[in-house]
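[1] Show me the folded form of this:
(chains A and B)
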Amino acid sequence: MQNSRCCMCGIMMIPNESNTCINCLKSSIDVTEGITKSVNLSHCRECNRYLRPPWQNCELESPELLSLCLKNIKGLKRVKLIDAGFLYTEPHSRRLKVKLTVQKEVLNGTLLQQSFIVEFIVNNLQCDDCKKTYTPHTWVAQAQIRQRVDHKRTFLFLEQLIIKHNASDKCLGIKEMHDGLDFQFKNRSHANRLVDFIQGQVPAKVKTAKQLISHDLRNNEYSYKYTFSVDIAPICRDDLVILPKPLSQQLGGIGPLVLVYKISTFVHIVDVFTMQTYEIDQATYWKYNFGALCGRDRLTEFIVLNIENTDYDVNVSRAAAKQKFRMVQVEIARKDDFGTNDKTFIVNTHLGETLNYNDTVLGFDLDMINLNELEELELTKVIPPVVLVKKTFPRFRKRQKHRIWKLKHLDKEGIDDNNYHKKEKNQGKNKKDYDMFLQDIEEEPELRQQIDLFRNDDIIKQLESKIAGLDLDKEEEKEVAKPKGKDAKNDRKVVKAARKTAEGKKKQELTEVEKKKNKALIKATLKEKNQEEGSDWESVEEDYQHIQVDELKNLEDQLAGMKIQGEVESDDDNGNDDKLKETK
Amino acid sequence: MSKLTQAQITEAINTILADKKKRKFLETVELQVGLKDYDPQKDKRFAGTVRLPNIPRPKLKICLIGDAKHMQIVKENNIAIDAVDFDFLKTFNKDKKLIKSWAKKYTILLATDTLVKKIPTVLGPILNRIGMFPQVVTHNDDLKAKVDDARASIKFQLKKATCMNVAIGNESQSEEELRQNILMGINFLVSLLKKGWHNLKSVHIKTSMGKPFKIIG
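    Predicted coordinates for the structure are as follows:
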């Protein structure tokens, strides 16, 4: 091969097709032609994000930022990118420099490589999300959910339902208002979804409204704000109600004094005299639209002195049997009266299945409550002196300071109340409502089924340390109890399989013994706890018997279950969100 | 229906006192009442006690479930009642039959106010079932007066049947005393009823083993 001369400068070179030396080729052809050397980058100061688009969060001199920069350079497609890297720039200079090395084929088969620097100018631009926070017109649709009662019970329950069913996932913001909540959405259909969800849970009335924000005459476009006003029926469970006369007649002469024992999409009522039950559908309810006569805050405690079956009971139908209502006649004394005078009442109640002798039960003391409506009613009908509503566990309640479960909450914006005293008062009231709600969850299995409970690990650890530190003469039991906790799951499987064989029977007996011992252990802890509090254990034990058996089992299972789960948890660390298993 | 006249009652008392044999015990005069237009399933079941001016049953057996202080008072003042302390109740061990047979020995039970609250937990529902839940005595009350009160008072309680029977006096009492008691008892009962006199179907008085005599009905 012979060397030839370059056609431009005349130096000797290895011949190539263009007959030009590399230097001349470089100077005559610019590979970087068509590539922008200076690019504007948009950066949001608030959230420190760059616009790719979309808005992306990246550090200075990070690979993410580099890829973002390269993406914004125009004309890079025509060349082959060999290398790219940041050159140092002072952060305040608002410049980024990227050194690029590119290759391009020039003149058949000749590759030319070249390095150059692209400068990025960082401009400030507010991103969409940040813009939203500064403007009031973020939402397009709003669902205003209201219940005009003086407690928050319904909303606490709804909140849990919404969390469980994830009904508010598309929600932009939740605002607490007087008598209710506001949910804001970007889309009308998202709001509609929540409204439908709520209508499927409680009796509610919906009104829609829209407000014109702007419109474009040329292409007939309008932008509206939509508002759904959801009015939840202002009655709750355990409310005493006087039915309007026409409604009472329509329902076959039920009432008119009735007790609301359940709220679903229907209003479930029970006559306080005949113990007949009836469900009022939404349409009928809104037609008559009755409110509560008195609610839960007027309940007083009574003690059951005697229970007798009545001769007749209307609750024999299957539907009624599902409610576990049985009409009984009970003799009760006010808790305040008991021990000071001999005053007792004999009333009929639907709580026959749940009430036991010497239970404490909550009821409306109609002899003591002064109500105009009642006085009017009294002229035509005989009203019972007391309407019993539900059983309660006062001593059990005292001990429930530390719950081993907790609830999740939606983040809501509170009411900005300027009046300090009012705010203080409201907070106290809300806390009380919340406590009551937690108690309800504990006492009503039906309510528990509907919502999700989450483990409270702090309390569980506390309890565990307490159990460990317990030195009553029960060391053996602890030894028995501990291994049980570890292989509980395996054990259960084995028991199922081996129940039929003789060995299985033995095993079952063994586990039962263990269970008993576990029970004793738990009792012991409770006992110890109680001694700390300084009240007498005996009375607590008495009370314990009267708590319904399954209630008690539940608690114990929970305690046992917490032991199991506590150990599992140390392995994988997603503790908080583990659901508590519903114990059977 | 009209109210009772004094003459009616006097006549009735004279009749039943005259028309009887001599018995070996002090016969009681009883008041028997039948009600009408009253549905115990629907209407309010009433219960009320009234203290009669004259003690109808002077020999009534009473038992006091008392704390130490009350026990002492009973001993010191020689009140003619039995007294037991709280530990005694525990010995029953909730045995229904034992409690019942013990309680049935007495007509009325009394209990110190502090103990009343604990009685249901120790004895169970039996006392209520047989309608003998203790009456409350506080330390401030005069125990003797309370016992007399208990002896003099009668209880009207409507059960499932619409008839009642109470002791209203005894044969040793004078006609005037008996009349007072009967009048007071009936008037009180009427005050409990929903429609007053209209609810009374019949009223009889009789001695324990004598023939009944109809006052109303």
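[2] domains for the chain, by residue range?
    Using chain A here. Domain assignment for chain A by automatic domain parsing gives A:31-124, A:129-232, A:240-392.
[3] that's the wrong chain, I meant chain B
    According to the TED database, chain B comprises the domains B:6-46+B:158-216, B:62-150.
[4] Of those, which shows the lowest average pLDDT?
    Per-stretch mean pLDDT for the domains of chain B is lowest at domain B:62-150 (a mean of 75).
[5] does any bit of it sit next to chain A?
    Yes: if you take C-beta under 8 Å from any C-beta of the partner chain as the test, domain B:62-150 does meet chain A, through B:113-114, B:116-117, B:120-121, B:124-125, B:128-129, B:133, B:135-136, B:138. C-beta here means a position set from N, CA and C on the backbone, and glycine is covered the same way.
[6] most surrounded residue in these?
    Greatest neighbour count in these, by other C-beta atoms under 10 Å in any protein chain shown, goes to B:F133: 24 neighbours.
[7] OK, contacts around that one?
    A:305, A:342, A:344, B:109, B:119, B:127 (C-beta atoms under 8 Å, 6 or more residues apart in numbering or on different chains).
[8] top of these by neighbour count?
    A:L305 (22 neighbours).
[9] okay, the closest residue to chain B within chain A: pLDDT?
    In chain A, the residue that lies nearest chain B is A:N306 (3.4 Å; C-beta to the nearest C-beta). As summarised for this prediction, A:N306 has a pLDDT of 80.
[10] There's contact between it and B:I130 in this structure, I believe.
    No: using C-beta atoms under 8 Å, A:N306 is not in contact with B:I130, being 9.9 Å away.
[11] ok so, going back, which one of the domains of chain B lies closest to A:K422?
    domain B:62-150 (40.8 Å; C-beta to C-beta).
[12] Straight-line length of the closest one, end to end?
    9 Å (C-alpha to C-alpha, to the nearest Å).
[13] on that earlier part again, which ones among the contacts of B:F133 are found in helices?
    Mapping the contacts of B:F133 onto helices (DSSP state H) picks out B:119, B:127.
[14] Can you name the two of the contacts of B:F133 that sit furthest apart?
    A:T344 and B:L109 (14.4 Å).
[15] hang on, A:K391 is in a strand, isn't it?
    Yes: assessed with DSSP: H, G, I helix; E, B strand; the rest coil, A:K391 lies in a strand.
[16] so who does it touch?
    Taking C-beta under 8 Å, 6+ apart, we find A:K391 in contact with A:351, A:354-355, A:359-362.
[17] Now do the helix or strand harbouring A:L377: which elements does it pack against?
    Secondary structure assignment for A:L377, by DSSP states H and E: helix A:372-380. Helix A:372-380 is packed against strand A:240-242, with contacts defined by 3 or more C-beta pairs under 8 Å, 6 or more residues apart in numbering or on different chains; DSSP states H and E.
[18] residues making contact with the strand it packs on?
    Under C-beta under 8 Å, 6+ apart, the answer for strand A:240-242 is A:235, A:255-260, A:269, A:272, A:290-295, A:364, A:373-374, A:377, A:387.
[19] go again using 6 Å as the cut-off
    A:256-260, A:292-294, A:364, A:373 (C-beta atoms under 6 Å, 6 or more residues apart in numbering or on different chains).
[20] Likewise for stretch B:185-205?
    By C-beta under 6 Å, 6+ apart, the list of residues contacting stretch B:185-205 reads B:1, B:12, B:31-38, B:46, B:48, B:50, B:156, B:168, B:212-217.
[21] in it, what's buried?
    Within stretch B:185-205, the residues that qualify as buried are B:185-186, B:188-190, B:192-193, B:199-201, B:203-205, counting by 16 or more other C-beta atoms under 10 Å in any protein chain shown.
[22] just stretch A:252-265 next, same as before
    For stretch A:252-265, the neighbour count (16+ other C-beta under 10 Å) marks A:254-261, A:263 as buried.
[23] before we move on, what about stretch A:300-307?
    For stretch A:300-307, by 16+ other C-beta under 10 Å, it's A:301-307.
[24] Repeat that for stretch B:136-144.
    Neighbour-count burial for stretch B:136-144, counted by 16+ other C-beta under 10 Å, picks out B:136-137, B:143.
[25] Relative to the whole chain's centre, how far out is it?
    19 Å (C-alpha atoms, centre = their mean, to the nearest Å).
[26] outside of it, which residues touch it?
    Contacts for stretch B:136-144 (C-beta under 6 Å, 6+ apart): A:342, B:73, B:79, B:110, B:112-113, B:116, B:146.
[27] Turn the residues you listed into a markdown table, including secondary structure and distance to B:F25.
    Listed next are the contacts of stretch B:136-144 as a markdown table, based on DSSP: H, G, I helix; E, B strand; the rest coil; distance: C-beta to C-beta, whole Å:
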| residue | secondary structure | distance to B:F25 |
| --- | --- | --- |
| A:D342 | coil | 30 |
| B:I73 | helix | 31 |
| B:I79 | coil | 23 |
| B:L110 | strand | 25 |
| B:T112 | strand | 33 |
| B:D113 | helix | 35 |
| B:V116 | helix | 33 |
| B:K146 | helix | 26 |
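[28] Which single residue in chain B comes nearest to chain A?
    B:N128 (3.4 Å).
[29] excluding its backbone neighbours, what's nearest that residue?
    Residue nearest to B:N128 in three dimensions, not counting chain neighbours: A:N306, with 3.4 Å by C-beta to C-beta, 6 or more residues apart in numbering or on different chains.
[30] tell me the contacts of the one you found?
    A:331, B:125, B:128.
[31] Please enumerate the helices of chain B.
    Counting by DSSP H, the helices of chain B are B:6-18, B:68-77, B:86-90, B:96-104, B:113-116, B:119-123, B:126-129, B:143-152, B:175-192.
[32] Sweet, I'm off.
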